[in-house]
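**Q** Give me coordinates for this.
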Amino acid sequence: MPAHATGTREEYQAARDELAKLEAEQATRNEEIVAKRRELPWMPIEKDYEFDTEDGKKTLSELFDGRSQLLAYNIMYGPDYTLGACPGCTSLADGLDGTIVHLNHADVTLICFSRAPIDELMAYKKRMGWEFPYVSTYNTEFPFDLGLALTEEQAKQVPEIQEMLADPPAFLQDWSRQVGAELKDGLREAPTWIAFAQENDTVYLTYSVTAPDPFVAPYFSFLLDRAPKDGSAMFARRKDEYPD
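**A** A predicted model of the protein is given here:
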């Protein structure tokens with residue numbers, strides 16, 4: 001017998017109808033959240049940032065690539081990581097390439113940021129087979145100004161980080177080994193989605209969100225939530241590191 005509860009067609013349908021009510025309530029709530037997100041005030045970016053890209057130096061404005069909107073994911077890959085980016089961030093990034101054509105036709109440019117030097121990012125991009133533009137914020141104030149990373153002093157002021165460093169759980173110790181960085185350095189990177197708009201030669205910050213928001217989780221986790229068995233205990237590996 002299966003470990004999970006079983007039932008008749010009528011019992012399944014009754015339970016499914018109850019769940020549908022909750023899903024409808026969540027969908028309505030999500031519409032309200034989207035509307036509130038669009039109402040956020042736009043903050044002008046006043047500093048002149050310059051980034052390393054595979055095509056040379058570019059300003060924030062140039063990263064838009066001729067479009068009026070820029071959506072970026074900050075992959076946890078700091079200059080202290082010796083073995084590559086965060087596996088969870090890597091798993092999320094694995095799903096981005098297929099969305100590019102659709103976003104581009106909606107006037108949105110999609111890129112990823114990381115704080116590691118550009119040569120390391122390009123090598124990792126090739127290893128993972130990614131196509132999206134990958135931009136280095138190395139040696140810029142951009143990640144610290146925009147909340148994509150913490151300085152050593154800032155990290156010391158975050159109680160949650162200090163608690164994890166004092167008694168790191170096993171999964172974090174494993175993660176530290178996977179990226180090849182001490183936790184005190186690895187945890188200073190913030191997995192973050194960040195959005196910008198450009199109007200009349202001015203770039204504006206319009207939105208950002210950092211883990212543990214579900215939007216920052218790897219895309220496959222949304223599918224696992226709908227699979228019959230609980231896959232929440234799964235800890236992501238890079239796609240070329242699974243045993244098979």
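**Q** Need the phi and psi values for residue 193.
**A** For residue 193, the backbone dihedrals (degrees, to the nearest 10) come out as phi -90, psi 140.
**Q** what's near enough to touch it?
**A** 71-74, 207-209, 215-216 (CB atoms under 8 Å, 6 or more residues apart in numbering). For every residue, glycine as well, the C-beta is placed using N, CA and C.
**Q** one more time with 10 Å
**A** 71-74, 92, 207-211, 213, 215-216 (CB atoms under 10 Å, 6 or more residues apart in numbering).
**Q** Please, where are all the strands along the chain?
**A** Remark: strands assigned in the chain by DSSP state E are 43-44, 50-53, 56-59, 69-74, 108-114, 134-136, 192-199, 202-210.
**Q** With mean pLDDT added, can I get those in CSV?
**A** Formatted as CSV, those follow (pLDDT from 0 to 100):
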stretch, mean pLDDT
strand 43-44, 98
strand 50-53, 98
strand 56-59, 98
strand 69-74, 97
strand 108-114, 98
strand 134-136, 98
strand 192-199, 97
strand 202-210, 96
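**Q** nearest to residue 62, of the contacts of residue 193?
**A** residue 72 (13.5 Å; CB to CB).
**Q** is it true that that closest one touches residue 113?
**A** Yes: contact criterion CB atoms under 10 Å: residue 72 and residue 113 qualify, at 5.4 Å.
**Q** Name the residues contacting each of those two.
**A** 63, 133, 135, 146, 148, 192, 194.
**Q** Contact partners for residue 222?
**A** Contacts of residue 222 by CB under 10 Å, 6+ apart are 95, 214-215.
**Q** swap that for residue 76, please
**A** Each residue near residue 76 by CB under 10 Å, 6+ apart is listed here: 85-90, 114-116, 148-149, 175, 179, 181, 186-192, 211.
**Q** Just the buried ones out of the contacts of residue 193, please.
**A** Those of the contacts of residue 193 that meet the buried threshold are 71-74, 92, 208, 216, by 16 or more other CB atoms under 10 Å.
**Q** Having no further points to raise, I will conclude here.
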